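Novice: Sequence and predicted structure, then a few things I'm wondering about:
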Amino acid sequence: MAWTAPRTWTDGELVTKAIMDVHVRDNLNAIGARFHIRKTADQSVTSSTVLVNDTHLSFAIAASEIWAVEVRLYYTSGTTGDIKIAWAVPAGATGRHSALGQNTAISAFDHTYNATLTTAIPLGGGASGQGANHYATIVNAGTAGTVQWQWAQNVSDGTATTVLTNSLLIAEKIA
């Protein structure tokens with residue numbers, strides 16, 4: 001549905017279903033769903049490179065929906081473990097993701113990768129903390145399910161990699 005410019009109401013005007021549908025319901029549908037999910041507790045992984053589901057950053061997706069997603073990531077790690085990030089999506093979902101953060105290959109802040117959703121992107125780390133922005137476009141097929149943000153240590157290390165409280169997932173339905 002297309003956006004309709006909201007009307008100017010007049011005193012005493014009778015508000016009908018037809019008027020409200022166009023100016024409220026249809027406009028809200030045209031804008032699309034948008035929400036924020038805040039991580040409310042730290043989560044750590046030690047000595048493991050196996051991707052785990054984040055305990056907070058996920059959302060439901062219906063069949064045939066398309067979403068633009070961003071994770072504002074705050075984390076700590078040792079100098080070896082670093083972090084890698086990816087997505088778990090329903091069967092048949094496609095899309096791409098990339099990240100803006102410390103590139104492990106060049107030890108500098110860099111826009112890194114353009115990968116399929118389930119291909120992990122490695123990012124550098126550090127005990128003092130790092131930040132990164134992780135972007136994805138998710139095109140779902142015919143199976144509803146959950147979009148789950150995943151992460152792990154990039155290199156197994158005895159010093160924990162921790163995704164910190166207040167990391168944030170922002171999702172916007174675009175079709």
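Specialist: Now that the structure is in, tell me what you want to look at.

Novice: What residues sit buried inside stretch 168-175?
Specialist: 169, 171, 173 (16 or more other CB atoms under 10 Å). To be clear about C-beta, it is placed using only N, CA and C from the backbone, and glycine gets the same treatment.

Novice: So the second one is in contact with residue 68, correct?
Specialist: Meaning residue 171. Yes. Checked against CB atoms under 8 Å, the pair residue 171 and residue 68 is within contact range at 7.4 Å.

Novice: so where's the longest helix in the protein?
Specialist: Determined from DSSP state H, the single longest helix within the chain is helix 26-31.

Novice: could you dump it to PDB, C-alpha only?
Specialist: Listed next in PDB are the C-alpha coordinates belonging to helix 26-31 (Å, rounded to 0.1, in the frame of the first residue of the first chain):
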ATOM      1  CA  ASP A  26      -3.100   1.900   5.600                       C
ATOM      2  CA  ASN A  27      -0.500   4.500   6.500                       C
ATOM      3  CA  LEU A  28       0.800   2.400   9.300                       C
ATOM      4  CA  ASN A  29       1.000  -0.600   7.000                       C
ATOM      5  CA  ALA A  30       2.800   1.600   4.400                       C
ATOM      6  CA  ILE A  31       5.400   2.600   6.900                       C
END
